[in-house]
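[1] take this sequence and fold it.
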Amino acid sequence: MEIKTGYIYHIKDSFFEVINDKGTMINHENGSTRPTYFTIKDENILWFIPLSSKIDKYKKIIDKKVKKYGSCKSIMIGKISNKSSVILLQNAFPTLEKYIDHPHIINGKPLKVIDTLKSEILSNFKYLLSLKKQGINLFFTDIDRIKEMMIKELNGKKD
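    Now for the predicted structure:
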């Protein structure tokens, strides 16, 4: 399967078992594979950004952050497949292609985010990573530990 930046995918349960990180969102809810993830391909590492349909919940959080800091780049709301979706950059994590379960399919085709929203997500994600390099961590997951685990796995090493 060819993995592309800007498409939506589902992840295997085995990933969550391997990383054992309390900051990641639950993979199954009410019997369905949720959340879906916006994907960024970064060489051999993939970045998964969870999507949520809980607009009202996150709109309140966004409003609080905007009021306090003037902006909010860690949570976004955008249209994906003609529905409003919350894009939870703060919950992003690195993974590998082997942990992808399947692409999210709509009308027989893998779901792709429109280019303008994709660009905004990528810009905000890069901004959050740059803040992290400066010592300001807005990620809920331990992205450094998970990325190190994924790189070791790629290189065939075990802890």
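[2] tell me the helix or strand right after the longest strand anywhere in the chain.
    As far as residue count goes, and with DSSP state E defining each element, the longest strand of the chain is strand 45-52. Next in sequence after strand 45-52, counting helices and strands by DSSP states H and E, comes helix 55-69.
[3] average pLDDT for that following helix, rounded please.
    If you average the pLDDT over helix 55-69, you get 96.
[4] cool, stretch 138-147 as well?
    Computed over stretch 138-147, the average pLDDT equals 94.
[5] elements contacting the longest strand of the chain?
    Strand 45-52 sits against strand 8-11, strand 37-42, strand 83-88, strand 93-95, helix 115-133, helix 143-154, with contacts defined as 3 or more CB pairs under 8 Å, 6 or more residues apart in numbering; DSSP states H and E. Every C-beta, even on glycine, is put in place using the N, C-alpha and C of the backbone.
[6] what do you get if the cut-off is 10 Å, keeping everything else the same?
    Packing contacts for strand 45-52, counted by 3 or more CB pairs under 10 Å, 6 or more residues apart in numbering; DSSP states H and E, involve strand 8-11, strand 37-42, strand 75-80, strand 83-88, strand 93-95, helix 115-133, helix 143-154.
[7] does the spatially closest residue to residue 127 that is not a sequence neighbour count as helix, strand or coil?
    The shortest distance from residue 127 to any residue other than its chain neighbours is 5.4 Å, reached at residue 73 (CB to CB, 6 or more residues apart in numbering). Three-state assignment for residue 73 (DSSP: H, G, I helix; E, B strand; the rest coil): coil.
[8] count of residues packed around residue 73?
    Number of residues near residue 73 (other CB atoms under 10 Å) recorded here: 19.
[9] OK, contacts around it?
    Taking CB atoms under 10 Å, 6 or more residues apart in numbering as the contact definition, residue 73 lies against 65, 89-90, 120-121, 123-128, 131, 138.
[10] tell me, what residue is most central in the chain?
    residue 49 (0.8 Å; CA atoms, centre = their mean).
[11] stretch 103-114: end-to-end distance?
    Taking CA to CA, to the nearest Å, the span from the opening residue of stretch 103-114 to its closing residue is 16 Å.
[12] report the buried residues of it.
    Using 16 or more other CB atoms under 10 Å as the test for burial, stretch 103-114 gives 103, 104, 111, 112, 113.
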